[in-house]
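Asks: Kindly generate the corresponding structure for this input.
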Amino acid sequence: MANRTTTGPGRFDRNERLFGREGQQALRRAHVGIVGVGGLGTHVVQQLSLLGVGALTLVDDEELSGSNRNRYVGAWHNDPVPGSPKVELGERLAGLIDPAIAVIRVKNNLLSNAAFTALRACSHIFGCVDSDGARFVLNEFCLAYEKPLFDLASDAPEPGYYGGRVAVVIGDSGCLHCRGLLDDDDVRRFLSTEEILDNEAAVYGIDRRALGEAGPSVVSVNGVVASLGVTEFMAAATGIRAPQLHLDYRGDRGTVGSRTDDPADDCYYCGIVRGQGDSANIERYFRRAGSGTPLGES
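Replies: Here you go, the predicted structure:
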């Protein structure tokens, strides 16, 4: 973590006109983890840095690719491909905006001891991943350690439909699992071993190359989803209002709507795992599946 000088007076004056000096101080005390520093995650890095958060932990094991350049905020035209770790580009972006922000880089997969150790030190966590399997693990992790989770997703599931959503897990709001926001098959595949997936492909004729195949993704759609998520974080961190728990963005319609996802009364993760900390043994996921499963990106 770098030791850098603070920025000059007046920088956050317009912020403080909205949520006050105490709100700005709360942001400066915040240590935000961002899992997945890609098309969504870099927008989050940029906006949190401009808001004035005090520390960022960036978790991603991937490097910049040529197809990222249409939406990766902070990637320069001459950043080498391969050879540009996303967490390093995210750190550079934050530092260019506000050198006072402390940035911790974790060039590891979510399913790793390095990632779990770093995320335990965070006060809030953003999930900016494509896989519902990774969301499942983050959901359980954040419940176990009682950390607010801001889960962001952008998608273009069918021709003519594009947009995304923000789901917030905080307090007793229910979780991604009991609110029905996770695909069970995606979770199962994420946590399966290579041997199990190979056997499944042989028995059922599943083309594994088609699973998780990348679809359309553009900078403006990611930017809207990230802005919605950062705004809900800002509301929660500064206390100006309670965060919306679920926002749906329909880019094809030009609309943003909120909805209520009723949590299940008997959710194992909310009722048993929440607040258990180390006793929840979240590490069992990376011990079983290994740390080679990609995060995916938006």
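
Asks: With adjacent residues omitted, what lies nearest to E283?
Replies: Closest residue in space to E283, ignoring its immediate chain neighbours: F116 at 6.4 Å, by Cβ to Cβ, 6 or more residues apart in numbering. Every residue, glycine included, has its C-beta placed from N, CA and C.

Asks: If I look at that neighbour, what pLDDT would I see?
Replies: With respect to pLDDT, F116 scores 96.

Asks: element containing it, please.
Replies: Element membership for F116, per DSSP states H and E: helix 113-120.

Asks: And A100, by the same measure?
Replies: Short version, using DSSP H and E: A100 is in no helix or strand.

Asks: count of neighbours near it?
Replies: A100 has 19 neighbours, counted by other Cβ atoms under 10 Å.

Asks: cool, and V44?
Replies: 28.

Asks: what's the answer for W76, then?
Replies: 11.

Asks: could you say which helix or strand contains it?
Replies: Short version, using DSSP H and E: W76 is in no helix or strand.

Asks: Make 12 the first number, not 1, from now on.
Replies: Happy to do that; since the first residue is 12 now, the last one works out to W87.

Asks: State the distance from it to L104.
Replies: Distance, W87 to L104, using Cβ to Cβ, to the nearest Å: 10 Å.

Asks: got it, and I251?
Replies: Taking Cβ to Cβ as the measure, I251 falls 26 Å from L104.

Asks: neighbour count winner among the two?
Replies: A side-by-side neighbour count of I251 and L104, using other Cβ under 10 Å, places L104 first with 21 against 12.

Asks: The more buried one: what secondary structure?
Replies: Following DSSP: H, G, I helix; E, B strand; the rest coil, L104 is assigned to helix.

Asks: got a list of what it touches?
Replies: Residues in contact with L104, defined by Cβ atoms under 8 Å, 6 or more residues apart in numbering, are 53, 56-57, 60, 84-85.

Asks: Which secondary structure state does A164 sit in?
Replies: strand.

Asks: just for this structure, where's the confidence low?
Replies: 12-19, 204-225, 298-309 (pLDDT under 70).
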